[in-house]
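A.B. asks: fold the following for me, if possible:
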Amino acid sequence: VGAVIAVLNLAAPLYAENTIDRSVYMDPTQSVDARVEALLSQMTLEEMQAQTIHLAGGYSIAELKEKYGNTSFGATTTISHGNVQGLEQQNELQMYFVNNSRLNIPVTFHTETLHSSGSNSTIFPMPCLQGATWNTAIVHQVAAAIARQARAAGINRGFSPEINVCTDPRFGRTEENFGEDPALVAAMGVAAVTALHGNNTDGASSYLPDTKNAIVSEAKHAAAYGFGGKDGAAADLGIRTLHDVYLRPWREYAKAGGRGAMMSHNSINDVPSHANSELIGLIRKWGKSTGLLIASDDCDVGLLAHPYGPAGFGVAPDLQHACAMSMTAGMDQELCAPGDGRGQAFTLAVEAIAAGILDKQALRRAAGNVLRAKFAARLFDSPVYPTDGISLLDNAKDRMLAREVAMEGVVLLKNEKSVLPLKIEGDETVAILGPLADDVQAYQGGYTGPGAKVYTVLEAAANYLPNANIVHATGCQVTGNDTSGFQGAIDAVKNASVIVAVMGDSGGRAWDHSTCGEDDDRTQLDLPGVQPEFLAAVSAAYPTKPIVVVLIHGRPVSFVRHDLLSTISGLLAAWRPGEEGGNAIWELLLGKTNPSGRLTQAWPYSAGYVHSQASPWFHKRQGDFDESPYRGGSSQQNGDIQNYPWGPMFPFQFGLSYTSFKLSNVKQSLATVGQNGSFIISVNITNTGNTPGKTVVAVYHSKPISTFVRWHKMLTAFAKTPTLMAQESITMKLEIDVSKLSSYNLQLQDQEVETGMYMLSVSLDPASKPTILNLTVQ
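C.D. replies: Numbers count the residues shown, from 1 in each chain. Have a look, this model is predicted:
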């Protein structure tokens, strides 16, 4: 009884109703931080606790009103569903809390903004394809469109950008990541977050520029998520590798004004991310404001507690201690559904304070950071949204942007005897085979909603080949061992002049029987099911017919089984190409657009190469700078492994084109520069072929003499050219801040640019001999 009385006393109103002072926190001319402090000073502990609650479904509206009517609460998943009726319902719910809670506090409505803003909105290609564009400007455009559509649907906070550095392609969520390189991921993440914030880079304590084009970002998942190729697997990492590879995007995100971070499911060096005070402190330290919001992933705070066996971490004896441990470490808000077996730990914050295991200042900080995001998003000033904004969802302009992105991120990996672009005339027979020729879910990928029209390769064929005779046969499914459809498919394509085989991974989540996505981790990288056997059977039946494989997938694919790579004429990596994917793919197949995508993750011959010498982040060596990083280290390590080379099947930055490019006149503005300086590399790029196209110029760096063993070379900067006409040239200038050369100093426990000589490598592709420059840092 005494404990209950203590809790009640702690939660009792600190101010009488008639003493509430709204003059500052309801004044839109006041600063964000002033409004936060003015409101916090009048809140009870119970009201603060309610702000740390983020509900992921699992309730009725009536239950919400009954439980949180007096206090309001932190956040919940949007209920607008991208339609007028849903938005009206959400507005009504919002106004209930604004009008009925003691302090008139609105609720945050969130959604996933990875590559869409939910139901009825544009489904852009997933980040695995966006990264392959090597074009930060187009990634910025995508994020701006997502923010605009999210606001139109009544959403003010989004879960993105995804800034994991994905070094293990077995990980099912590889498709959600921009790539395996920290510099590239960081650049894409900065482009995205800047757009989500309406180009505001001032951080969590500043207002977003308007309520129509900007939302609060919540980047995910901090950090080293998917390290072991398994969702939630422990990341046991060297400190320098952790900082220089996995945390680099987080540093740059925070410095670019990042406003929120979702912690990862895993532990790092035996510390669960949701209780990692050092990691959380670093993200806040790097940010523009110490008020950067740190939030949980789905019910992960509860997993700190002991009762959850192999699924949990066992570092807290119960939920109350899990709450105290996490909030003390710096966590501000817990995402969890009522009734989830892992428990809503943050609902016990007031009890934890009463028990003496949680300082009430930690709860105050947490509630304040949640409120800071609300004030910054102008929720207190404009809590509801006009329903006419729904008409902006999946508009024609954004749909065309989705197609443009897809065309720019698809990677041409093989083009034997220039089989592509296809030359299809009149009523030729074109065979479209494979289980993903018409699988909508595979094209749109995970974390989207229903409603938008999605064009598959099969459906889009009619738009581009109106006179051709299209023959379609599935042949097999993505998973399973059923080969009964092989012969029927082989017979159906007898008269075809070309075969387009659409294969890869099914999309969605594990419980949807998909093969790539959340919880869809694999032990191998071959095409799932009997797809390799089907492709081999078709190739054996028609050894002289050109076979072009279009991959719809979320991770690198191995072609070791049946030596498939040697049996096909063309190969396109089309990733998760979004709602305009089918149209974009035919634009590329027919040469209406020239492929310009480049790999952002090396493709190994098999999963046996993962975390080996074939992966740049798991084999440090100096080496010859003008050679590929994928080569044997010492003489004993050179050579092949069971007839396969050490290196990857397709290296990082690889991608073919229908034209050719030449790099020339490579210059640097400075030969010597200070540790806090910058320099410019300028290059001339000429389209030496006969087809318009784009290419990528990349700069890598290495330090021949260093105080520690470095990676062979690291990406420093890159740029995508505009479309160059045949024989057209352009001068590109890359301004590089010297901080891009930094590495983690174990003694300083911070990033440092070592003085001395660096080698810079400038190239258009991994196969060409690069131009080498020397730069001295002093």
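
A.B. asks: find the nearest non-adjacent residue to Gln778, please.
C.D. replies: Distance criterion CB to CB, 6 or more residues apart in numbering; nearest residue to Gln778, sequence neighbours excluded, is Thr755 at 5.5 Å. Every residue, glycine included, has its C-beta placed from N, CA and C.

A.B. asks: what sits against that neighbour?
C.D. replies: Gln675, Val777, Gln778 (CB atoms under 8 Å, 6 or more residues apart in numbering).

A.B. asks: check which residues of stretch 749-758 are buried.
C.D. replies: For stretch 749-758, a neighbour-count test (16 or more other CB atoms under 10 Å) marks Gln751, Glu752, Val753, Glu754, Tyr758 as buried.

A.B. asks: check stretch 388-396 too.
C.D. replies: Buried-residue list, stretch 388-396, by 16+ other CB under 10 Å: Gly389, Ile390, Leu392, Leu393, Asp394, Asn395.

A.B. asks: from these, which two are the most distant?
C.D. replies: Spatially, the most separated pair among the buried residues of stretch 388-396 is Gly389 and Asp394, at 12.6 Å (CB to CB).

A.B. asks: follow-up on the earlier one: what is the nearest of the buried residues of stretch 749-758 to Leu465?
C.D. replies: Set against Leu465, the nearest of these by CB to CB is Tyr758 (51.7 Å).

A.B. asks: kindly provide the distance from the closest one to Thr716.
C.D. replies: Tyr758 sits at a distance of 9 Å from Thr716 (criterion: CB to CB, to the nearest Å).

A.B. asks: likewise for Gly409?
C.D. replies: 22 Å.

A.B. asks: give me the more crowded residue out of the two.
C.D. replies: Set Gly409 next to Thr716 and count neighbours by other CB atoms under 10 Å: Gly409 wins out with 33 against 21.

A.B. asks: what's the pLDDT at that one?
C.D. replies: Gly409 carries a pLDDT value of 98.

A.B. asks: without its sequence neighbours, what residue ends up closest to it?
C.D. replies: In this structure, Gly409 finds its nearest non-sequential neighbour in Leu129, 3.8 Å apart by CB to CB, 6+ apart.

A.B. asks: packing partners of the helix or strand harbouring the one you found?
C.D. replies: According to DSSP states H and E, Leu129 maps onto helix 127-132. With contacts taken as 3 or more CB pairs under 8 Å, 6 or more residues apart in numbering; DSSP states H and E, helix 127-132 sits against helix 136-152, helix 182-196, helix 396-409.

A.B. asks: deepest-packed of those, please.
C.D. replies: Using mean count of other CB atoms under 10 Å, the stretch among those with the largest mean neighbour count is helix 182-196, at a mean of 26.

A.B. asks: quick one: work out the angle between that one and helix 136-152.
C.D. replies: Taking axes from the mean of the first three to the mean of the last three CA atoms, to 10 degrees, one finds helix 182-196 and helix 136-152 inclined to each other by 40 degrees.

A.B. asks: now the element after helix 182-196, going C-ward?
C.D. replies: strand 216-217.

A.B. asks: contacts for whatever helix or strand comes next after that next one?
C.D. replies: Going down the chain from strand 216-217, the next helix or strand is strand 219-222, by DSSP H and E. With contacts defined as CB under 8 Å, 6+ apart, strand 219-222 is touched by 159-164, 189, 193, 250, 253, 258, 260-265, 273, 279, 283, 297.

A.B. asks: show me those residues that map onto helices.
C.D. replies: Residues from the contacts of strand 219-222 lying in helices, with DSSP state H as the criterion: Gly189, Val193, Trp250, Tyr253, Leu279, Ile283.

A.B. asks: tell me where the model's unsure across this protein.
C.D. replies: Under the criterion pLDDT under 70, the flagged ranges of the chain are 1-18, 308-311, 508-513, 612-644, 646.

A.B. asks: repeat that with 50
C.D. replies: For the chain, applying pLDDT under 50 flags the ranges 1-16, 510, 622, 628-638.

A.B. asks: spatially central, which residue of it would that be?
C.D. replies: Centroid check for the chain by CA atoms, centre = their mean gives Glu162 as the closest residue, at 3.0 Å.

A.B. asks: look up which residues are beta-bridged to that one.
C.D. replies: Under the criterion DSSP bridges, Glu162 forms beta bridges with Lys220.

A.B. asks: that one against Thr174, yeah?
C.D. replies: No: the pair Glu162 / Thr174 is not scored as a contact, 10.6 Å apart, by CB atoms under 8 Å.

A.B. asks: re earlier: closest one of the ones in helices among the contacts of strand 219-222 to Glu587?
C.D. replies: Nearest to Glu587, judged by CB to CB, of the ones in helices among the contacts of strand 219-222 is Gly189 at 28.0 Å.

A.B. asks: any idea how far the closest residue to that closest one other than its chain neighbours lies from Ser23?
C.D. replies: The shortest distance from Gly189 to any non-neighbouring residue, by CB to CB, 6+ apart, is to Ile163 (4.0 Å). To Ser23, Ile163 is 40 Å away according to CB to CB.

A.B. asks: tell me if I'm right that Ala349 and Glu47 touch.
C.D. replies: No: using CB under 8 Å, Ala349 is not in contact with Glu47, being 11.4 Å away.

A.B. asks: neighbour count winner among the two?
C.D. replies: Ala349 (28 against 24).

A.B. asks: how close does the more buried one get to Glu404?
C.D. replies: Ala349 sits 47 Å away from Glu404, going by CB to CB.

A.B. asks: same thing with Pro209?
C.D. replies: Per CB to CB, Pro209 is found 25 Å from Glu404.

A.B. asks: what do you get for Ser566?
C.D. replies: 33 Å.

A.B. asks: how far off centre is the helix or strand Ala349 falls within?
C.D. replies: With elements taken from DSSP H and E, the one containing Ala349 is helix 349-354. Centre-to-centre, helix 349-354 and its host chain are 36 Å apart (CA atoms, centre = their mean, to the nearest Å).

A.B. asks: again with stretch 440-458
C.D. replies: Per CA atoms, centre = their mean, the centroid offset for stretch 440-458 relative to its chain is 18 Å.

A.B. asks: all strands for the stretch 451-600 of the chain, in order.
C.D. replies: Counting by DSSP state E, counting those that start in this stretch, the stretch 451-600 of the chain has strands at residues 469-473, 498-504, 547-552, 570-573.

A.B. asks: could you dump those strands to CSV with mean neighbour count?
C.D. replies: Below are the strands of the stretch 451-600 of the chain laid out as CSV (neighbours: other CB atoms under 10 Å):
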stretch, mean neighbour count
strand 469-473, 17
strand 498-504, 26
strand 547-552, 26
strand 570-573, 25
